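> Below is the sequence, then the predicted model.
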Amino acid sequence: MVHAYEKEGKLKDGSRIVLRPMVAEDRQRLIDFFQALPGEQRLFLRHDVSDPEVIKAWTEHIDYSRVFPLLALAGDRVVGDATLHRIPRGWKRHIGTVRVVVAAEYHNRGLGTLLVHEMVELATELGLEKLWAELPLSAAGAIAVFRKAGFSSKAVIEGLVKDQHGRNTDVVIMVCDVGTQYG
Amino acid sequence: MRLAVLADVHSNLEAFEAVLRDCAKEPTSAVINLGDLVGYNASPGECVDLARRHQMISLQGNHDRAAVRPRFAEGFNIFAHKAVLWSSSALNPEQKGFLDNLPDTLLLWDRYLLFHGAPESSEAYIFYLFQAKKAFSYMRQRMPEGQIAFFGHTHHRAVWQRDVRGRIQSLPIPRGPTALDPEEMYLINPGSVGQPRNHHWEASYLIFTTKPPAIEFRSVPYDLRLAQAKIREARLPDYLAERLAAGV
């Protein structure tokens, strides 16, 4: 059991949001968050987040040692969701994978940067050495956010994933050497 | 002169007491605390009182500063942030006053430089060659008579050496008492008492003998389960208890 704890973050315009780990009681807030995402933003998400059953499964099977979900809230509303995925054993045990989704009205307000930086800070605390992110090559804004947080592009794989319409999309692999973020 | 050098106690009273018991087995002239008495674990006030009672030569670490002035915790990750605010709420005004008045760096007896993270900031780290190079450069400019500096903050043991030709390297952590070359310069990190991150749970500290200069890294077992139980009782993040056992 992880007890609830939270931290305040500041956006570019000075407004404040709350960051805290997801808990089971966040189910409806998450459903509302994902259902409000524009269709084009949902195209590139790994799971079908429009299905409440998907969200139900997430909130009923929280295991912070494998997936650490950090929510950004404005008041009682989820406006961002960042997850740090870990594989506890094996040759990738030192690597965390980062995924970040931000509500459309919070784009270009510094929330993505805040969440990615928080993931990097968290990775150092969890003893990870590298962070991994996969982004659509067309998502220039998101790529810039990850780059500012210390990630660099390592590879572009053409047509790697299919969006929800079945179209192949190029993906850029970005990696952050967490150790170099010290100091 | 025999000195005990320790860092990053981080409110782990059980580890702190075990280290002090270990170093008291032989006469010790002084105990040097390189900062971060508080944060992360669940006995901040007791650790501050213990450092005061032993009249340790103490520095202020970034968690000590954030416990006194919470605005400095804004950049902490969510675990460290929660823990340092909890530490802040658990300290009394006298304990906070003690932490607030500690220096960032100290030149001890004009010979030994002490700092928490890096000479320029308690938040900066010495993990990599370029960071060690910068610290040696600072030492050469500011302390021409001094050749040895002690630091903490990374929670990892380290010995950086700058030889007479200016070549800098990270040395393997020696086992047992090891002489230092009086012609060369050293940056030495004793590891962490209260939250070691070298994949080993025991508290880490260092014995430094001044003449001839020599160091000995020590690992000390302590009541881990009690330290973990206190973290859970304080409703701090469970991860902070789990990591103690894993040494991360």
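Happy to help now that I have it.
> Now B:E26. Nearest residue, chain neighbours left out?
Among residues not flanking B:E26 along the chain, B:R2 sits closest, at 6.7 Å (C-beta to C-beta, 6 or more residues apart in numbering or on different chains). Quick note: C-beta positions are derived from backbone N, CA and C, even for glycine.
> Quick check: bridge partners of that neighbour?
For B:R2, the beta-bridge partners are B:T209 (DSSP bridges).
> Was I right to think it contacts B:P213?
No: at 11.7 Å, B:R2 does not count as touching B:P213 under the criterion of C-beta atoms under 8 Å.
> Same drill for those two, tell me which one is more crowded.
Between B:R2 and B:P213, B:P213 has the larger neighbour count (other C-beta atoms under 10 Å in any protein chain shown), namely 18 against 15.
> show me what contacts that one?
Contacts for B:P213 (C-beta atoms under 8 Å, 6 or more residues apart in numbering or on different chains) come out as B:148, B:179-180, B:182.
> Just say helix, strand or coil for the residue sitting furthest away from the middle of chain B.
Going by C-alpha atoms, centre = their mean, the residue of chain B most distant from its centre is B:R165, 29.4 Å out. Under DSSP: H, G, I helix; E, B strand; the rest coil, B:R165 falls in the coil class.
> Chain A contacts on chain B?
Counting by C-beta under 8 Å from any C-beta of the partner chain, chain B comes close to chain A at B:74-82, B:117-118, B:124-128, B:131, B:154, B:197, B:235-239, B:242-243, B:246, B:248.
> In helices, which of those fall?
B:78-82, B:131, B:238-239, B:242-243, B:246 (DSSP state H).
> what does the average pLDDT come to for the lengthiest helix in chain A?
Across chain A, the longest stretch assigned as helix under DSSP H is helix A:111-125. Confidence for helix A:111-125, expressed as mean pLDDT, is 93.
> Then stretch A:41-55?
In this model, stretch A:41-55 carries a mean pLDDT of 77.
> And for residue 94, the neighbour number?
No chain specified, so I'll use chain A. 14.
> actually chain B
B:E94 has 11 neighbours, counted by other C-beta under 10 Å.
> next one: B:W201
Number of residues near B:W201 (other C-beta under 10 Å) recorded here: 19.
> That one against B:A227, yeah?
No: counting by C-beta under 8 Å, B:W201 does not reach B:A227; the two are 9.8 Å apart.
> which neighbours do those two share?
Common neighbours of B:W201 and B:A227 are listed as B:L244 (criterion: C-beta under 8 Å, 6+ apart).
> Only alpha carbons, please: show stretch A:74-82 as CSV.
Extracted C-alpha coordinates of stretch A:74-82, given in CSV (Å, rounded to 0.1, in the frame of the first residue of the first chain):
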residue,chain,number,x,y,z
ALA,A,74,-6.4,20.9,-11.7
GLY,A,75,-8.8,20.9,-8.8
ASP,A,76,-10.5,17.5,-8.9
ARG,A,77,-9.9,17.1,-12.6
VAL,A,78,-7.1,15.0,-14.2
VAL,A,79,-5.3,17.1,-16.8
GLY,A,80,-2.2,14.9,-17.3
ASP,A,81,-1.1,11.3,-16.8
ALA,A,82,2.5,10.2,-16.8
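> mind checking the SS state of the closest residue to A:V78 other than its chain neighbours?
Once flanking residues are discounted, A:V78 sits nearest to A:F33: 3.9 Å by C-beta to C-beta, 6+ apart. For A:F33, the assignment made with three-state DSSP gives helix.
> Compute the first-to-last residue distance for stretch B:17-32.
End-to-end distance for stretch B:17-32: 15 Å, by C-alpha to C-alpha, to the nearest Å.
> what comes up buried for it?
For stretch B:17-32, the neighbour count (16 or more other C-beta atoms under 10 Å in any protein chain shown) marks B:17-20, B:22-23, B:31-32 as buried.
> A:E53 sits in which helix or strand?
Assigned by DSSP states H and E, A:E53 falls within helix A:52-60.
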